[in-house]
Structure formats: C-alpha cells, structure tokens
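Undergrad: got a predicted structure plus its sequence, pasted below:
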Amino acid sequence: MDPQQRIQELTQRLHHLNNQYYQHDISEVPDQEFDQMLAELQQLEKAHPDLALANSPTQRVGGTITKQFAQAQHRYPMLSLGNTYSEDDLREFDERVQRGLEGAPYTYVCEQKFDGVAMSLGYENGELHQGVTRGDGTRGDVVTANVRTIRTLPLHLRPGAPPEVEVRGEVFMPNSVFNDLNQEREQNGEALLANPRNAASGTLKLQDSAVVAARRLRFYAYSVLTPGRHFASHSESLEAAAAWGLPVSPTWQRCQNLQEVLDYIHEWAQKRFTLPVNTDGIVIKVDNLRQQDQLGLTAKSPRWAIAYKYPTAAARTELLRIEYNVGRTGAVTPVAHLTPVPLAGTIVKRASVHNANQIAALDLRLGDFVFVEKGGEIIPKITGVDLAARPAGAVPIRYPQDCPACGTPLVRPEGEAHYRCPNERACPPQLKARLEHYVSRKALNIDGLGAETVARFFDLGLVATPADIYDLPQRRAELIVLERLGEKSIDNLIAGIEKSKTVPFERVLFGLGIRYVGETVAQKLAQHYRTMAAIMAASAEELAATPEVGGVIADSLALWSQQPENQELVRRLQAAGVAMEVSGEPPRAVSDRLAGLTFVLSGVFENYSREQLQELIQQHGGKITGSISKKLSYLVAGDNMGPAKREKATTLKVPIISETELLALLPI
Ligand code: IVH
C-alpha cells in the first residue's frame, strides 16, 4: 500500500482509538493490536519522515482532557512507556541502555505493570493536597476529593519526607471488589462494568465521593519525584516511599543484569494471577537516577524504561452446552459450559458469552472448539471459533424464545442487550433470587436463614415472597418434619427473623430488590421520603426529581409500586413488623428562614457532607430537589460540579451559590 495513505489511515484509526479509550473508557481493540498499529506507524514515519503528520499519535502521550473536573498542569509530564512483547526486544533495549551509558555498569529494577489508572499525588509538608489524573500527559483532572477516599493511601506522610513530594502510581479496583460490584449490578439490572480498570477509571470520575469511598479503590506507588536530588536510585525512592507510609507493592525487585530481568519475567508469568490487582506485564527501569537522566527521554517515553507485556492468556477448548440463567430481575444470561482447560492459573469450565448478539456474531455451534481469553475481566470470555475444527453438521445455537425456567415468551426491551422474562410474579428463579437477595447480608441479613436455606425453603414450597418468611415462626412443626431441623436451629432461625424487624428502613427498601434500586439509591430515597408509603405514592416525575434518582430508576420504582402484588407484599411486611419508615425524629424544624425555597446540591462540599447540607436546608424549611428548572431558587455548587448543570442553571437564570453563601442564608 502507498505509505502516505497507510500513514493517514493509521493516524486516523489511532486517534479514534485513543479518544475512545481516554475519553470514553472503551477499548475497541486489544492492547496488543493497538500497539502493533502504533509500531507500524512509527516504522513508516521513520522510513518516510517527510510524510509524518504533525499531530501524529506517535508524538502524543495519550488522549485529550475530559471537561468535568477542574484541571491542573503536571509539573513534569506524565509519560508513557515503550511496549514490547518479545524477549529479543528486551535484549535490544538492554543494548541501547549499554550504549547510552557508554559502558558504565548499571542495574535494573523490575516492577509489575498494574492495570489501573495512572495518578499523580502531591504532598506538601507531608500532607496530601492534590490528586490529578494523567489526562493527556501534560494536564489532568483534579480528583482530590475522590482520591482521599482511598483508604490505603496516607493523608499524612510519616516524618522524613521532604517538604514537596509528587508520588505517582496506579489507582486500581481489586478484583474481588470488582466481582462484588458487578454481581450487585447484575442483580439490580444495571449494565455491567467491562473490567476492573474501567471500573476504577469510572469511579474516579464520579461526582459523589461517598460512592467512591464505597468502591474500595486502592493505590500502588511506583515513582517518587522531588525537586532537587533526593535519592541516588529508583529502588531507594521506593524504599523511602514505603517508609513514609505509602503503599508500594512488595513485588518489585532489583536485577543485576538482563538475565535476572528475564528470570523475574518468567517467575511472574503465572504468579501475577495471585495478586489482588490485574497486571498486564512487567516494567523494567534503570535503577540509578543519574543514569536515567543520562539516557533521557524521547518525545513520549523515557529511554531508561520499557514495559514487557505478557501475551493475553488464551486457550482452546470444546463448547459443551449453553446454560441460560434467569436473574433476579428476569434478565437472561447465557453461560457457556466448556471442557475444563487450564488458563492463567485456574481451570476454566465456564465462560461468559454476554448476550444473544454475541452468540450470533461468533456463530457459535455446539461441539465447536472455541478460544477463551482472560483479559482484564475476571470471567474468561469466548473470543472466537476454531472453524477448521468444526464438526460436520454442527448445529447453530438458537437463543431460546421462551424463558428456560417458566416458559413465558422472552422480551427484549429496545436498546437493551439482554432478553428478559417478564413473568416477575411467578417465574421460579426470579422469586428465589429475590428471596436470596432479601435475606442477604447487605439487606435484611437474617441469621440462620442464608441464601441456601431460603432457596431450599422455596423449593419445598414453604416460602415464595419475603413476607412468607415472617409466617415461618408459626410453622415450627412443619419445619421440624419437612427439614428435619433441630430445635436449636429453629430457635436460631426464629430469633434471626425477629431481629430482622430492627433492620433500618433503607436496607429493607434495598432488600425488596426493585430493579435499579441499589444500596445507595435506597439510602437516598429513604432519606428523602422517610416512609415506604410516601415513596409508593410519589409519581415517576416526583421520584425523578429526587436527588441522585434518575428517570430510569424513577420509572422502574413507579411501575413496581403500581403492582398490586407489591402493594400486598409491603402491607404484609409492615403488618409483620418490618420497618417501613425511617426511625427517629424527622429533621427538627429550626427556623423557617428557607421556607418556600428549593435547592439543588451538586458536587463535593468542603465543610459538610451533602447529606448534612440537605438536612440543614430542611431544618430551616427549605426543600431539596434533584433537577434544575426555572422555578429552582438556588443551585448550591461544590467542587467537581458537572459543567452541564452550571450551564443549565445559567441559561435558566437560577442563582448559583457556594456552600459558604448557603450557610450565610441561615440564621446561625
Ligand atoms: S512507570 C515514564 N511503573 O503504565 C514511566 N508505570 O505506559 C512512567 N504503569 O500510564 C510510568 N504500572 O500508569 C510505571 N510499575 C509501573 C507501572 C506503570 C503501571 C502504567 C502507568 C502508565 C503506563 C505507562
């Protein structure tokens, strides 16, 4: 192909992929493919320097900047690393280093390449004062409030740190947290997050730092920058960082030569899967900082470091059958059952195939040999079919039209990827999953009645809805006969059921398993409406105007409230003594200074939490709402408020005030 045309093509494609990746957290192609395209472009540009485009992606460090957060300039640009997939490339890298250092002795440090989000942390006089994302490498988003929620990150350094320190490292979501989060999202009928990196990056951009805190992000430091020469070597700086209290992964190692580097790479090829975080390779750095300076930088990456990427773990195995699971909200998820095959440290027996579209796109057939990969995501996925090995007469997989559990015709709402069984009233796996959810730890947390027991009770016909649980104490004799439960476990069970009546309303609301009403939304609704009756009486529009409750949630909730069987469920639960309202006094009226005024709170506040401000406003007779309209009295703006809100308020001439200005309105 004409090099000029190819350069243009690659440039455009890479710009697009960069934009998707950095702005929208979408990886359209595997990293390896991206790197190959970039390498091809680099080569072409080298061969035809006159054809290179001025804004070539090879000259740039990353994407452009998201507008939502305030931005800050990086004092030293945040570079990226040259990538390689082969040991030969590493030998060449080593030779370049050797030449660059003119024969002087040198050593390396090897580290894991953590697959998260790069973060720069500023500490002044030992205090964390700023967290900035990488952005485009020169300017990033200021996400300090969110970063502060990372519990393993010290807000104050231990003594010994110089007055000005910039710590760089990776923010990540531990795999276990990611799994929990996605499980919860699946149960709530919310879209799943693609992988832990996307989850971490999305979390850092959330407006409500309380939600960020609940996501349990973590951080590993991998570089320390100080004005002036504070350390002689990178390894010394890592040791110092750990001594100051910063989290440094203990996996790094000094390597005397290339052979030791290769040994480290081999050692971690499998061991990396035992770490709490996904890694996608090894970073090799020249240890001595003076030598790093001597080697210097290219336009986008240092000459003193390189990343070795492990090939994506893949395996080939036979597709035995597809099982269709029906979840709590009726969503049907296909799961592929495979002949067990070892992959990335575990034996894989199942893989996800997301949805019907994907089955069709892959043209999957029973008996096919398929390729499974474990990338950033935890559950392996089927990425392709070995067509050469397809048995003659293999029958394409037909996605069921009816619910595999109850036979009701499946529906697929427009714009949704999943088919859904609409028979929420009687479809057994939906009923069972709702019971399991109701008794789960974060909901009613009933001692002596775990998910398994309640599922067994369901199969025995003892319970079908959460309200039936409260009839169990009267059915003691039946339990003894049916389940051969001992006196003691029955006493336990009954005590657990009794205790669940003291569980706060917000957890009961969450426990009802209404689609899209997760833990946080349940909390917000409970705070705002205080009683189940008020929530059920609210229209979809009213619900949508509640802070943190969007239209989709509001519609789902309003629909739920209209169903007679749900009204009956709430009535029975309430009659049994389950909390259907917030306990304690409603916020005490302190004054009527804000009577007749409505407020929207947005962003993160400095002195009070959003809930505290909300309560203050209510105590003084004001009203909180969720959406900006012409009738709104004030928009109270905190840090990190989205630009769309500001724009809307400005257009509608709604006054925007700060936390301090709000407090000034109060008679304190
Ligand atoms: S050093 C100039 N060390 O990889 C060197 N980076 O392409 C700067 N990363 O966005 C980075 N683990 O966030 C370094 N142990 C490690 C790393 C690491 C992950 C990320 C980093 C950066 C990307 C470099």
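TA: Done, it's in.
Undergrad: point out where the stretch 401-550 of the chain drops to low pLDDT.
TA: For the stretch 401-550 of the chain, the stretches flagged by pLDDT under 70 are 483-484.
Undergrad: what's the local residue count around Thr317?
TA: 23 (other C-beta atoms under 10 Å). In short, each C-beta sits where N, CA and C put it, glycine included.
Undergrad: now the residue of the stretch 151-300 of the chain found nearest the ligand: which helix or strand?
TA: With C-beta to the nearest ligand atom, the shortest gap between the stretch 151-300 of the chain and the ligand falls at Tyr222, namely 3.7 Å. Tyr222 is part of strand 218-225 when elements are defined by DSSP states H and E.
Undergrad: any idea how far Lys113 is from the residue of the stretch 151-300 of the chain closest to the ligand?
TA: To Lys113, Tyr222 is 9 Å away according to C-beta to C-beta, to the nearest Å.
Undergrad: okay, and the common contacts of the two?
TA: Val283 (C-beta atoms under 8 Å, 6 or more residues apart in numbering).
Undergrad: report all helices and strands that the helix or strand containing Ala213 contacts.
TA: Using DSSP H and E, the element containing Ala213 is helix 209-214. Contacting helix 209-214 under the criterion 3 or more C-beta pairs under 8 Å, 6 or more residues apart in numbering; DSSP states H and E are the following elements: helix 144-147, helix 196-204, helix 519-529.
Undergrad: give the buried residues for it.
TA: Buried residues in helix 209-214, counting neighbours by 16 or more other C-beta atoms under 10 Å, are found at Ser209, Val212.
Undergrad: can you check stretch 594-614 too?
TA: Judged by neighbour count using 16+ other C-beta under 10 Å, the buried positions of stretch 594-614 are 594, 598-605, 608, 610, 613-614.
Undergrad: got the residues of this structure near the ligand?
TA: 79-81, 111, 113-114, 118, 134, 170, 222-223, 283, 302, 305 (C-beta under 6 Å from any ligand atom).
Undergrad: let's see it at 5 Å
TA: Contact residues (C-beta under 5 Å from any ligand atom) of the chain with the ligand: Leu79, Ser80, Leu81, Glu111, Lys113, Phe114, Ala118, Glu170, Tyr222, Val283, Pro302.
Undergrad: looks like the first one contacts Lys300 (just checking).
TA: Pointing back at Leu79 there. Yes - applying C-beta atoms under 8 Å as the test, Leu79 and Lys300 come out as touching, 6.2 Å apart.
Undergrad: can I get the helices and strands packed on helix 209-214 in TSV with mean neighbour count?
TA: TSV is the format used below for the helices and strands packed on helix 209-214 (neighbours: other C-beta atoms under 10 Å):
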stretch	mean neighbour count
helix 144-147	24
helix 196-204	23
helix 519-529	21
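Undergrad: would TSV of the ones you listed with distance to Asp459 be doable?
TA: Formatted as TSV, the helices and strands packed on helix 209-214 follow (distance: least, C-beta to C-beta, whole Å):
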stretch	distance to Asp459
helix 144-147	44
helix 196-204	35
helix 519-529	28
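Undergrad: what sits closest to the residue most central in space within the chain if chain neighbours are left out?
TA: When C-alpha atoms, centre = their mean is applied to the chain, the residue found nearest the centroid is Ala199 (2.3 Å). Excluding the flanking residues, the one nearest Ala199 by C-beta to C-beta, 6 or more residues apart in numbering is Leu193, at 4.3 Å.
Undergrad: so which helix or strand takes in that neighbour?
TA: Per DSSP H and E: nothing holds Leu193, as it lies in no helix or strand.
Undergrad: Leu121 too?
TA: Leu121 belongs to strand 117-124 when assigned by DSSP H and E.
Undergrad: rewinding a little: other residues contacting the strand holding Tyr222?
TA: Counting by C-beta under 8 Å, 6+ apart, 75-76, 111, 114, 119, 147, 150-153, 165-174, 231, 234, 237-238, 240-241, 246-249, 276-277, 283 sit against strand 218-225.
Undergrad: if any of these are buried, put those into a ChimeraX selection.
TA: Here is the ChimeraX selection string for the buried members of these, based on 16+ other C-beta under 10 Å:
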select :111,114,119,147,150,153,165,166,167,168,169,170,171,172,173,174,231,234,237,238,240,241,246,247,248,249,277,283
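Undergrad: got the contact list for the nearest residue to Leu525 once chain neighbours are set aside?
TA: The shortest distance from Leu525 to any non-neighbouring residue, by C-beta to C-beta, 6+ apart, is to Ile535 (5.8 Å). In this structure, Ile535 makes contact with Leu509, Leu525, Tyr529, Leu543, Leu557, Ser561, judged by C-beta under 8 Å, 6+ apart.
Undergrad: tell me which of the residues you listed is nearest to the ligand?
TA: Of all the contacts of Ile535, the ligand sits closest to Leu525, with 38.0 Å by C-beta to the nearest ligand atom.
Undergrad: now do the contacts for the closest one.
TA: Contacts of Leu525 by C-beta under 8 Å, 6+ apart are Glu506, Leu509, Val517, Ile535, Leu543, Thr546, Val549, Leu557.
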